[in-house]
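Asker: okay, sequence plus prediction incoming.
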Amino acid sequence: MTDKYLAYGRLIRGGKILFIRRRPGSFLGGHWELPGGTVEPGEATAETVVREFAEETGLAVRVTGERGAHSWDDVEGRPMRIHATVFALAEEEPGDVVLDPDEHDAFAWYTKEESAGLDLAEHFRDALED
C-alpha cells in the first residue's frame, strides 16, 4: 500500500471561512472543500498549503498553526492510504479570490454554522471546530 499526503488550509476573513467547490466532472465534482492539495516530494506540508492556496485561490497566506490530521483508505479502492493535515492560515494581504477554473467553479465565505449544510469531508468539518 502506498501513502499520499495532502495539506489544506482554513482561512478566516471577517469571521467567515473560505470554501471552494470542485468543478463538475472532476474528482469529487460538486463537493466543497478547504483549499489545498498534494504534498510534492521533498516538500514540507506547511509549504504545500501555502503553494496550493496560492494556486487555487490567488491568495498569499502564511501558516499560523495546525488544525488537525486525519488518515483514511482511498475512496476509489486503490491500495493507498491518504494522510491530510489541515492548517490555520492568515493572509499576507487581503486580496480577491481568483479560482483555477480547471479545478474549482465557485467559492464562498461561510461561518462554521453556515457551512453545516455543505457536503464536506470529515477532516474538513473537524478543522472548523474552535
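Answerer: Structure's in. What do you need?

Asker: any idea how far whichever helix in the chain runs longest is from the chain center?
Answerer: Longest helix in the chain, counting residues (DSSP state H): helix 45-57. Computed by CA atoms, centre = their mean, to the nearest Å, the chain-centroid distance of helix 45-57 equals 9 Å.

Asker: can you check stretch 103-120 too?
Answerer: The answer for stretch 103-120 is 11 Å, by CA atoms, centre = their mean.

Asker: partners of residue 72 in the sheet?
Answerer: Counting by DSSP bridges, residue 72 forms beta bridges with residue 82.

Asker: what about the longest helix of the chain, average pLDDT?
Answerer: For helix 45-57, mean pLDDT is 96.

Asker: pull out the buried positions in that helix.
Answerer: 45-46, 48-53, 56-57 (16 or more other CB atoms under 10 Å). From N, CA and C alone the C-beta is placed, and that goes for glycine too.

Asker: which two among the residues you listed are spaced furthest apart?
Answerer: Farthest pair in the buried residues of helix 45-57 (CB to CB) is 45 and 57. Separation: 17.8 Å.

Asker: gap between residue 103 and residue 62?
Answerer: Using CB to CB, to the nearest Å, residue 103 is found at 22 Å from residue 62.

Asker: now do residue 39
Answerer: Taking CB to CB as the measure, residue 39 and residue 62 are separated by 18 Å.

Asker: which one of these two is surrounded by more residues?
Answerer: residue 39 (22 against 14; other CB atoms under 10 Å).

Asker: neighbours around the residue nearest to residue 1 when sequence neighbours are not counted, how many?
Answerer: Nearest residue to residue 1, sequence neighbours excluded (CB to CB, 6 or more residues apart in numbering): residue 79, at 4.7 Å. Using other CB under 10 Å, the number of residues around residue 79 comes to 8.
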